[in-house]
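Q: A predicted structure for the sequence below; I have some questions about it.
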Number of protein chains: 2
Amino acid sequence: MTALTRRERLRAELERDAKAAARRIAAEEGVEGLTLAAVARAVGVTPPALYRYFNGRAGLVRAVYDDLTSEFMDNVAKALHRQDPDDVSAQLHAATRAVLDWSMANKVEFDLLMGAAYVKIADSEEGIPKVIARELGGFFGVPFARLWREGRLVIDADEDIDPVLAEQLRTYRTHVGLDFPIGVVLLMVICWRQIYGLLCMAVYGHQEFAFDDPMPLFEHMMDHLLGILGLERSPNLRVP
Amino acid sequence: MTALTRRERLRAELERDAKAAARRIAAEEGVEGLTLAAVARAVGVTPPALYRYFNGRAGLVRAVYDDLTSEFMDNVAKALHRQDPDDVSAQLHAATRAVLDWSMANKVEFDLLMGAAYVKIADSEEGIPKVIARELGGFFGVPFARLWREGRLVIDADEDIDPVLAEQLRTYRTHVGLDFPIGVVLLMVICWRQIYGLLCMAVYGHQEFAFDDPMPLFEHMMDHLLGILGLERSPNLRVP
DNA sequence: TAAAAGAGTGAATACCATTAACCATGTGAC
DNA sequence: GTCACATGGTTAATGGTATTCACTCTTTTA
């Protein structure tokens, strides 16, 4: 079965433990509190030992980042697949809500994946990490493509879009691997702008003094966004 | 004239220099690279000397934060007052654009004022800093109040707003010191959500691979937002 | 003019990352 | 089974950071 040698097994275990500890420490202390020394203490080795597993502190953060990407995307995908396969409204609603729920429950992780901390990783020598924006774009592209095929979307004609913006939308479309008109891409970006704004507001808490709970604003926004897409709030939304 | 003693003058000078150095270092190295030691080197003293001026590193960051708040608000106010006093469209457009321009030109500073780094300041023992969201809300409240008085706005009636959301909007209204219906407040929040989303997207660069220049999306958004408010893009917009 | 207040220094402590030299042990070839 | 080698850990050293404390020098002021 497991053709793993003792060494390989121990290595895999320590790597798993170290990443788990790193994730926990980051969540508790913030990314800046995620230190090699703390992780080393948590797993019972000396700090230099971790250099056999990660490329220094930057590599550790990068490893956490990679894990988070899968966790996040899995989460969103699960929320979507919990819905009726023909209920696009429920799919979009649930997936978007999953993004918000995960982000609120994992604020530090959000900062790493989709916020300010990302910039610092991208700048490091660890190479440009998988860009979540791309994956998420491709993910949400599926229901948008369906809506487009079904002729539900009211979009701008190519020639009505500012040429510079049109070029950017085409670049986006290529990178994310979509194949519908840039008017649809524009619609996606318009939706994402609002979702992302709400996310950052909620996670970074700049208006926490009034909007302590983001759900009312979220639901209000979803009604609006679904409306833009010619949809109505689904009566069959399934939330965990 | 200057009833300042020699000591007071020297102190004021060093404090000014230290904050200027801190601002420069933060912009170049990021907030995490803003160290007491670096500032001490820049102004030619030893690190402990700075404890006579700031409450440790947290106090230094806080001092920079406070300076940035004024700089930012001045900037936005100037952009607004450059416009025709009766051209609300131009005022809103220019003020919003000033927010974007400043943020793009001062990404680290944006992170401190309106992004993730703020959270860490707010959490520190330095006390809750002036909340920029409040000041900005009060600022943009003026043109909104005018539009409301002029009867241009199409808003939801109080009873059509979800009760929980309505309560949050009332709290926001109170804290920011506005006096129009919560439907107008909701309109402000809807606009801000989009603006803030665009800002974070542009500053944190998650979609930089396609939207390297945020201006086309910004102008597209402004047309939309002005439309929501029953306005048109002003032909007399004055940008610096 | 002498006491008090203020502003800086140097030393000490305690974190942190990172590298280098070194040692123990598991692995695999023979 | 034995032995060379790769692997994964150690300690020690370097250098960066914040922070506190004791001390000195200087300016202010009573």
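A: Happy to help now that I have it.

Q: can you tell me how far A:A166 sits from B:M104?
A: 22 Å (Cβ to Cβ, to the nearest Å). No exception for glycine: its C-beta is placed from N, CA and C like everyone else's.

Q: These two: who's more crowded?
A: Neighbours were counted for A:A166 and for B:M104 using other Cβ atoms under 10 Å in any protein chain shown; A:A166 has more, 19 against 16.

Q: list the contacts for that one?
A: A:158, A:182 (Cβ atoms under 8 Å, 6 or more residues apart in numbering or on different chains).

Q: same question, A:V185
A: Applying Cβ under 8 Å, 6+ apart, the residues contacting A:V185 are A:169, A:172-173, A:178.

Q: what's the least confident helix or strand in chain A, going by average pLDDT?
A: Of all the helices and strands that make up chain A, helix A:116-123 has the lowest average by mean pLDDT, DSSP states H and E, namely a mean of 76.

Q: and chain A, which of its residues are near DNA strand D?
A: Counting by Cβ under 7 Å from any atom of the strand, chain A comes close to DNA strand D at A:7-8, A:10-11, A:14, A:44-46, A:48-49, A:52-53.

Q: hmm, 10 Å instead?
A: A:5-8, A:10-15, A:17-18, A:37, A:40, A:43-53 (Cβ under 10 Å from any atom of the strand).

Q: Using JSON lines, lay out the contacts of A:V185 together with distance to B:P214.
A: Listed next are the contacts of A:V185 as JSON lines, based on distance: Cβ to Cβ, whole Å:
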{"residue": "A:L169", "distance to B:P214": "13"}
{"residue": "A:Y172", "distance to B:P214": "13"}
{"residue": "A:R173", "distance to B:P214": "18"}
{"residue": "A:L178", "distance to B:P214": "21"}
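
Q: between the residues you listed, which is nearest B:L113?
A: Minimum distance to B:L113 across those is 28.2 Å, recorded for A:Y172 (Cβ to Cβ).

Q: tally of neighbours for the closest residue to the closest one other than its chain neighbours?
A: Once flanking residues are discounted, A:Y172 sits nearest to B:A210: 3.6 Å by Cβ to Cβ, 6 or more residues apart in numbering or on different chains. When neighbours are counted by other Cβ under 10 Å, B:A210 registers 20.

Q: A:G115 too?
A: Quick note: A:G115 (other Cβ under 10 Å) scores 25 neighbours.

Q: For the closest residue to it other than its chain neighbours, give me its contacts.
A: Once flanking residues are discounted, A:G115 sits nearest to B:A116: 5.3 Å by Cβ to Cβ, 6+ apart. B:A116 sits next to A:111, A:115-117, A:204 when contact means Cβ under 8 Å, 6+ apart.

Q: Report the distance from the longest helix seen in chain A to the chain centre.
A: Assignment by DSSP state H gives helix A:56-81 as the longest helix of chain A. Centroid displacement of helix A:56-81 relative to its chain, using Cα atoms, centre = their mean, to the nearest Å, is 8 Å.

Q: so what does that helix touch, helix or strand wise?
A: helix A:6-29, helix A:36-43, helix A:88-105, helix A:107-114, helix A:116-123, helix A:132-149 (3 or more Cβ pairs under 8 Å, 6 or more residues apart in numbering or on different chains; DSSP states H and E).

Q: what do you get if the cut-off is 6 Å, keeping everything else the same?
A: helix A:6-29, helix A:88-105, helix A:107-114 (3 or more Cβ pairs under 6 Å, 6 or more residues apart in numbering or on different chains; DSSP states H and E).

Q: So that helix, near DNA strand C or not?
A: Yes: against DNA strand C, helix A:56-81 shows contacts by Cβ under 10 Å from any atom of the strand at A:56-61.

Q: how about low-confidence regions in chain A?
A: Low-confidence segments of chain A (pLDDT under 70): A:1-2, A:122-130.

Q: can you do 90?
A: A:1-6, A:116-134, A:206, A:239-240 (pLDDT under 90).

Q: Enumerate the residues of it near chain B.
A: Taking Cβ under 6 Å from any Cβ of the partner chain, the part of chain A that reaches chain B is made up of A:111, A:115-116, A:119, A:133, A:162, A:164-165, A:168, A:171-172, A:175, A:193-194, A:196-198, A:200, A:204, A:206-207, A:209-211, A:216.

Q: In helices, which of the residues you listed appear?
A: Those of the residues of chain A next to chain B lying in helices (DSSP H): A:111, A:116, A:119, A:133, A:164-165, A:168, A:171-172, A:175, A:193-194, A:196-198, A:200, A:204, A:216.

Q: Quick one: buried ones out of the residues you listed?
A: The neighbour-count criterion (16 or more other Cβ atoms under 10 Å in any protein chain shown) marks A:111, A:116, A:119, A:133, A:165, A:168, A:171-172, A:175, A:193-194, A:196-198, A:200, A:204, A:216 among those as buried.

Q: Show me what residue of chain A gets nearest to chain B.
A: A:G197 (2.7 Å; Cβ to the nearest Cβ).

Q: Next, the contact list for A:F144, please.
A: A:184, A:188 (Cβ atoms under 6 Å, 6 or more residues apart in numbering or on different chains).

Q: ok, how many other residues are close to the nearest residue to A:R170 once chain neighbours are set aside?
A: Among residues not flanking A:R170 along the chain, A:I182 sits closest, at 5.9 Å (Cβ to Cβ, 6+ apart). By other Cβ under 10 Å, the residues close to A:I182 number 23.

Q: in stretch A:92-112, what counts as buried?
A: For stretch A:92-112, by 16+ other Cβ under 10 Å, it's A:92-104, A:106-112.

Q: any residues touching that stretch, and which ones?
A: Contacts of stretch A:92-112 (Cβ under 6 Å, 6+ apart): A:26-27, A:30-31, A:65, A:68, A:75-76, A:79-80, A:83, A:117, A:143, A:195, A:199, A:203, A:218, A:222, A:237, B:116.

Q: Please see if it touches DNA strand C.
A: No: using Cβ under 10 Å from any atom of the strand, stretch A:92-112 never reaches DNA strand C; the gap is at least 15.8 Å.

Q: what's the distance between that stretch and the middle of its chain?
A: 7 Å.

Q: same thing with stretch A:49-65?
A: 21 Å.

Q: With stretch A:148-168 instead?
A: 25 Å.

Q: so how far is the first residue of it from its last?
A: 20 Å (Cα to Cα, to the nearest Å).

Q: same question, stretch A:219-237
A: End-to-end distance (Cα to Cα), stretch A:219-237: 12 Å.

Q: contact partners of it?
A: A:84, A:87, A:89-90, A:93, A:147, A:152, A:191, A:194, A:198.

Q: Kindly recompute the last result at 8 Å.
A: Against stretch A:219-237 from outside (Cβ under 8 Å, 6+ apart): A:83-84, A:87-90, A:92-94, A:96-97, A:147, A:152-154, A:187, A:190-191, A:194-195, A:198, B:162, B:165, B:186, B:190, B:193.
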